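Participant: Here is my input; please provide its structure:
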Amino acid sequence: MAENIRQKKVILLVIAGLAVLLVAVIALRRKPPEVAITGVAQEDLSETITSNGKVEPIAPDTAHAEFPTFVAKVFASEGQAVHRGEQILTLDAGDVQSQLAQARTSLLAAQTDLRNARAGGSLDEVAQVRGSLEQARVDVESLQRTEKALEQLVTQHAATEDELSQNQAALAKARSRVQELEQRKEALAQKATSMAENSGLVAKQAQEQVTSLEEKLRSADVIAQTDGTLYSLPVRAGDYVKVGDVLAEMADLHHVRVRAFVDEPDLGRLAPNQAIQVTWDAKPGRTWAGRTQQIPKQVVPHGMRSVGEVLCSVENDKLELLPNTNVEVTILIVERRNVLVVPRAAVREDGGKRYVFVVLGDSIERRDISVGIASASKYEVLSGLQLNDRIALPGDHNLRDGMTIRVAEGT
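Facilitator: This is a model prediction of the structure:
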């Protein structure tokens, strides 16, 4: 009997505990949610685009190896300031000097052949033909005069027919000699014309080779073309270099260019001469000012992104920004002074309309608003709110118009 009474008491206690728990749960569910709030503020607001970029020299002077050889001497060090005309390094140019001497000899021979060809052939041969032709023509004239004289003498029976025949034979032979020499002269002229074309081509090629070798010889001495900074010197004395290898890179780094990689959706907001700020992880807390210069006309792949490459000019008075460094770029699209702002987290959208929940006592009211520019964390409010209105921050709560709330502590 006593055992049954104890079991009934235990059951009643369990039922009572469950009832208390149920009441507590119901009461907890009916308790208004605790919501953080914020006030509508008035401040300056900027709309920006943030992206990554790379520093580039504006007018780099890059020296390349013009022929395969070894680096003979290096007179400068990477990072130092250089002045126009200062020698940076020199290459071993012994082979080029030998080739240049041979090329100049070949050029002189080609120029001599060209002069001879333009003169009609070898000077000795031309002179010989001209002399023989003149003599043959003189002989013809002399024999012609003799023939006339003999014809008169034969008529007068002062000379014989045989003497006249001999003179006529000699005249025919002399005329044949003149014709032969004239043909030889013409052949020499034709040959000289052909030789002149060939010799001209050979002389031109020889001159081009000499010019090329002279340029290579000059390139063996790497000289600074302007005042600036030697920001890259990848070679050392004794290094072997191939044609096209970079020997040195110099530029005036007081003004540099930053190539900013802006994502495709943001390109429509860009314009020339927008203010930018550049930051570099290697110089925390340091910023550099600049302006956008060239807006991209096409989109290109950049890793996994589609970007436009925006060229920006940046002041670098202290020469701290180095070429090829990776930087962060913030482009100022537009800026507003003393405007009403609310956190982006407080703004909701429904059917293309934006709204917030305004706190009125212990309840909230939905209010439609219109917004202007936006930063990463705030909206400009154009209408629908006043300064110091209190706005609910929904957080994880599903807020509704007219809902009762509790203001979270500390807000």
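Participant: Please count neighbours and contacts with C-alpha atoms only from this point.
Facilitator: Will do.
Participant: roughly how far apart are the closest residue to H255 other than its chain neighbours and Q209?
Facilitator: Counting by CA to CA, 6 or more residues apart in numbering, E315 is the residue found nearest to H255 once chain neighbours are left out, at 5.0 Å. Distance, E315 to Q209, by CA to CA, to the nearest Å: 45 Å.
Participant: same question, D350
Facilitator: 77 Å.
Participant: ok so, going back, count the neighbours of the residue nearest to H255 for me.
Facilitator: By other CA atoms under 10 Å, the residues close to E315 number 16.
Participant: can you pull the pLDDT of it?
Facilitator: Listed pLDDT for E315 reads 94.
Participant: quick one: it and E161, what's the gap?
Facilitator: From E315 across to E161, the span is 111 Å (CA to CA).
Participant: Quick check: phi and psi at the residue lying closest to D266 once chain neighbours are set aside.
Facilitator: Nearest residue to D266, sequence neighbours excluded (CA to CA, 6+ apart): I49, at 7.3 Å. The phi and psi values for I49, taken as degrees, to the nearest 10, are phi -120, psi 130.
Participant: partner residues bridging I49?
Facilitator: Assessed by DSSP bridges, I49 has beta-bridge partners I331.
Participant: right, and it touches L332 too?
Facilitator: Yes: at 6.7 Å, I49 counts as touching L332 under the criterion of CA atoms under 8 Å.
Participant: Between the two, which contacts overlap?
Facilitator: Both I49 and L332 lack any common contact, where contact means CA atoms under 8 Å, 6 or more residues apart in numbering.
Participant: ok, M250 to T279 distance?
Facilitator: As it turns out, when the distance is counted by CA to CA, M250 lies 23 Å from T279.
Participant: Which one of these two is surrounded by more residues?
Facilitator: Using other CA under 10 Å, the more surrounded residue of M250 and T279 is M250, with 26 against 20.
Participant: so what's the more buried one up against?
Facilitator: By CA under 8 Å, 6+ apart, the neighbours of M250 are P60, D61, T62, A224, G228, T229, L230, Y231, S232.
Participant: and these, which of them are in strands?
Facilitator: D61, T62, G228, T229, L230, Y231, S232 (DSSP state E).
Participant: count of residues packed around the third one?
Facilitator: Other residues near G228 come to 20 when the count uses other CA under 10 Å.
Participant: returning to that earlier point: neighbour count for D350 and Q209, which is higher?
Facilitator: A count of neighbours by other CA under 10 Å puts Q209 above the other of D350 and Q209, at 18 against 8.
Participant: Can you verify that one is assigned to a strand?
Facilitator: No: according to DSSP: H, G, I helix; E, B strand; the rest coil, Q209 belongs to no strand; its state is helix.
Participant: What residues sit buried inside stretch 163-182?
Facilitator: L164, N167, Q168, A170, L171, A174, R175, R177, V178, L181, E182 (16 or more other CA atoms under 10 Å).
Participant: Give me the pLDDT value at the second one.
Facilitator: In this case it means N167. Reading off the model, N167 has pLDDT 86.
Participant: so it is in which element?
Facilitator: Using DSSP states H and E, N167 falls within helix 161-219.
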